[in-house]
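1. Got a predicted model here, sequence first, then my questions.
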Amino acid sequence: MTKLPAVYMMASMRNGTIYVGITSDLAKRAWQHREGLAEGFTKQYDCKLLVWFERHDTMESAIMREKQIKAGNRKAKLSLIESENPTWRDLFEDIAH
């Protein structure tokens with residue numbers, strides 16, 4: 001899959017801790033979170049499931065969307081996840097190829 005800017009959410013489990021991030025290489029970044037190679041929040045809270053992502057044409061639009069999501073409350077984040085991934089399936093396998 002080609003590299004495109006993306007906003008994504010990692011979770012520790014269904015309805016667990018949620019991390020919102022941005023990257024230009026979603027497959028690589030999600031793998032780093034899964035393997036515990038990304039120091040910080042996701043490693044501390046065991047956020048290893050890629051539960052939501054949104055691709056963007058430009059990094060600028062991805063950054064704006066990330067800020068919008070981070071500014072929202074938890075209920076809004078849960079709604080975003082559940083609208084596209086109601087079972088909180090790990091989406092990593094969808095992008096890893």
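-> Received it, and whenever you're ready, just let me know what you need.

2. The strand or helix carrying Lys67 - contacts with which helices or strands?
-> Lys67 is part of helix 59-71 when elements are defined by DSSP states H and E. Contacts defined by 3 or more CB pairs under 8 Å, 6 or more residues apart in numbering; DSSP states H and E place helix 59-71 against strand 6-11, strand 18-23, helix 74-84. Any C-beta I mention is one placed from the backbone N, CA and C, and that applies to glycine too.

3. low-scoring stretches of the protein, by residue?
-> Applying pLDDT under 70 to the chain picks out residues 1-2, 97.

4. ok, 90 please
-> Residue ranges of the chain with pLDDT under 90: 1-3, 38, 96-97.

5. With adjacent residues omitted, what lies nearest to Gln32?
-> Counting by CB to CB, 6 or more residues apart in numbering, Gln32 lies nearest to Ala38, which is 4.5 Å off, once chain neighbours are set aside.

6. Gly21 pairs with what?
-> Tyr8 (DSSP bridges).

7. what residues are up against it?
-> Gly21 makes contact with 7-10, 29, 42, 66, according to CB atoms under 8 Å, 6 or more residues apart in numbering.

8. Could you do Asp46 as well?
-> 12, 17.

9. Pull up the gap between it and Gly16, please.
-> Asp46 sits 8 Å away from Gly16, going by CB to CB, to the nearest Å.

10. close enough to count as contact, His33 and Met9?
-> No - contact criterion CB atoms under 8 Å: His33 and Met9 do not qualify, at 10.7 Å.

11. Identify the contacts common to the two.
-> Counting by CB under 8 Å, 6+ apart, the contacts common to His33 and Met9 are 19, 50.

12. ok so, going back, tell me how far the residue nearest to Gln32 lies from Trp88.
-> As judged by CB to CB, Ala38 and Trp88 stand 20 Å apart.
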